[in-house]
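J.: when you get a sec, could you give me coordinates for this:
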Amino acid sequence: MSAILSIGASRNLDGLNHRLTQEIRALAGEGWRLSMRQERSNGVHQLTCFLEDHPAGESLDEMTLILRQFGARVLMEWILEVWERELIQKRLRADHPHFNDQERRQISDKAAHILKRKEEVSKEYIMYRIGRNQRILERLVEVLVDYGRIHVDGFLRFRLQDYLQAVADAVDSAVDEYMMEKEYNEFIRLLRYFLEIQESRVQVVHVYLRPGGFQLLDEGGNPVNNEVVDGLSRDYLEHEEISFEDLLISALVTVAPVQVVLHSREEKPVSETLSTIQAVFGDRLHRCPGCEQCQPFTPLRAPKKMQT
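T.: The predicted model follows:
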């Protein structure tokens, strides 16, 4: 009986043991008897594949090479599918210890998504993914073929520094995304609070979105004017850093209508603006199904009075 390959790690290897047992046995074929042994010593989990018997006349060296190459592929997949999450969480705990368990889970999910980029389908991105996986596989094959044994923690630390840096970058990006979302949600919460305490100045406000601007009309088709909205408009003209989206949301919260009807000449209005208005006004917001004012190049006319 001889050891074909041995894998050591600081974490439990049950999942890897099951995967290797199923796949290597299927690969070996008739006459090749393989066994797996899992043990733990001094805090190190060890998984070893043994060749107990093989057909007469078959090359032991050739089968050993094949099994080690195959084991390298299985180990690569396991690292990316299982160990990667542990690397993310470890990095997050080390660099950002102030987050609680729930926050860490959310950030870990974001970091894992950033690393995988499931939404990316471009040829360039696919080639990047294949190239990264291939580099990891080549380094694993190099170690396992030459030595027949590997310690995953040390391999990651010394042979996959570029991969660990990619994990660290993904964690930092995920933290930035999470903090931006948290600030946005707090902003929405405050806007909802101000909306609730405001006295409604008009029953219905029709919002007409135009490229780079908007117009607010009441039920009778008259411009919605008040001192606060006029003041906001002057601020918008005087300060370039104030966007029309900020002005629109501020104006709507100030007027606090019972119902908001959104009109747009585009099939899909500015998504960020629409999502923010939807988050603040909820059921008060309605999208016009299509009227003359929503059609491209149609002069703006007073809308018909809507029932509330």
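J.: what ranges do the strands span in the stretch 101-250 of the chain?
T.: All strands of the stretch 101-250 of the chain, identified by DSSP state E, counting those that start in this stretch, fall at 149-151, 204-210, 213-217.
J.: now do the contacts for Gln69.
T.: Taking Cβ atoms under 8 Å, 6 or more residues apart in numbering, we find Gln69 in contact with 141, 144-145. All C-beta spots, glycine's among them, are computed from the backbone N, C-alpha and C.
J.: per-domain residue ranges of the chain.
T.: 2-189, 200-294 (automatic domain parsing).
J.: determine the longest helix present in the protein.
T.: Ranked by residue count, the top helix of the chain under DSSP state H comes out as helix 161-197.
J.: now that helix: mean pLDDT?
T.: On average, the pLDDT along helix 161-197 is 93.
J.: nearest to Gly282 among the strands of the stretch 101-250 of the chain would be which one?
T.: strand 204-210 (15.0 Å; Cβ to Cβ).
J.: list the helices and strands that closest one packs on?
T.: Applying 3 or more Cβ pairs under 8 Å, 6 or more residues apart in numbering; DSSP states H and E, one finds that strand 204-210 contacts strand 213-217, helix 244-255, strand 259-264.
J.: please repeat the previous calculation with a cut-off of 7 Å.
T.: strand 213-217, strand 259-264 (3 or more Cβ pairs under 7 Å, 6 or more residues apart in numbering; DSSP states H and E).
J.: quick one: Phe70 from Leu27, how far?
T.: 6 Å (Cβ to Cβ, to the nearest Å).
J.: between those two, which is the more surrounded one?
T.: Phe70 (18 against 15; other Cβ atoms under 10 Å).
J.: ranking the contacts of Gln69 by neighbours, who comes first?
T.: Busiest of those [other Cβ under 10 Å] is Leu144, holding 24 neighbours.
J.: the nearest residue to it once chain neighbours are set aside in helix, strand or coil?
T.: In this structure, Leu144 finds its nearest non-sequential neighbour in Arg68, 4.5 Å apart by Cβ to Cβ, 6 or more residues apart in numbering. Recorded secondary structure, Arg68: helix (DSSP: H, G, I helix; E, B strand; the rest coil).
J.: need the helices and strands packed on strand 204-210 in a markdown table with mean neighbour count, can you?
T.: Rendered in a markdown table, the data for the helices and strands packed on strand 204-210 read as follows (neighbours: other Cβ atoms under 10 Å):
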| stretch | mean neighbour count |
| --- | --- |
| strand 213-217 | 17 |
| strand 259-264 | 20 |
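J.: could you dump those strands to JSON lines with distance to Leu34?
T.: Listed next are these as JSON lines, based on distance: least, Cβ to Cβ, whole Å:
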{"stretch": "strand 213-217", "distance to Leu34": "70"}
{"stretch": "strand 259-264", "distance to Leu34": "65"}
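J.: worst mean pLDDT among the ones you listed?
T.: Among these, strand 213-217 carries the lowest mean pLDDT (a mean of 81).
J.: and the angle for it with strand 204-210?
T.: 160 degrees (axes from the mean of the first three to the mean of the last three Cα atoms, to 10 degrees).
J.: for Ile7, helix, strand, or coil?
T.: When classified by three-state DSSP, Ile7 comes out as strand.
J.: what bridges to it?
T.: Counting by DSSP bridges, Ile7 forms beta bridges with Leu47, Ile150.
J.: just give the number of residues close to it.
T.: 24.
J.: surely it meets Leu47?
T.: Yes. Contact criterion Cβ atoms under 7 Å: Ile7 and Leu47 qualify, at 4.7 Å.
J.: list the residues that contact both of the two?
T.: Jointly contacting Ile7 and Leu47 under the rule Cβ atoms under 7 Å, 6 or more residues apart in numbering are 13, 16.
J.: buried set for the longest helix of the chain?
T.: Buried residues in helix 161-197, counted by 16 or more other Cβ atoms under 10 Å: 163, 166-168, 170-172, 174-175, 177-178, 188, 191, 195.
J.: by contact count, what packs against that helix?
T.: helix 84-95, helix 101-116, helix 244-255, helix 271-281.
J.: redo those helices as CSV? Include mean pLDDT, distance to Leu16 and mean neighbour count.
T.: CSV is the format used below for the helices and strands packed on helix 161-197 (pLDDT from 0 to 100; distance: least, Cβ to Cβ, whole Å; neighbours: other Cβ atoms under 10 Å):
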stretch, mean pLDDT, distance to Leu16, mean neighbour count
helix 84-95, 94, 13, 16
helix 101-116, 94, 19, 17
helix 244-255, 82, 50, 19
helix 271-281, 82, 42, 17
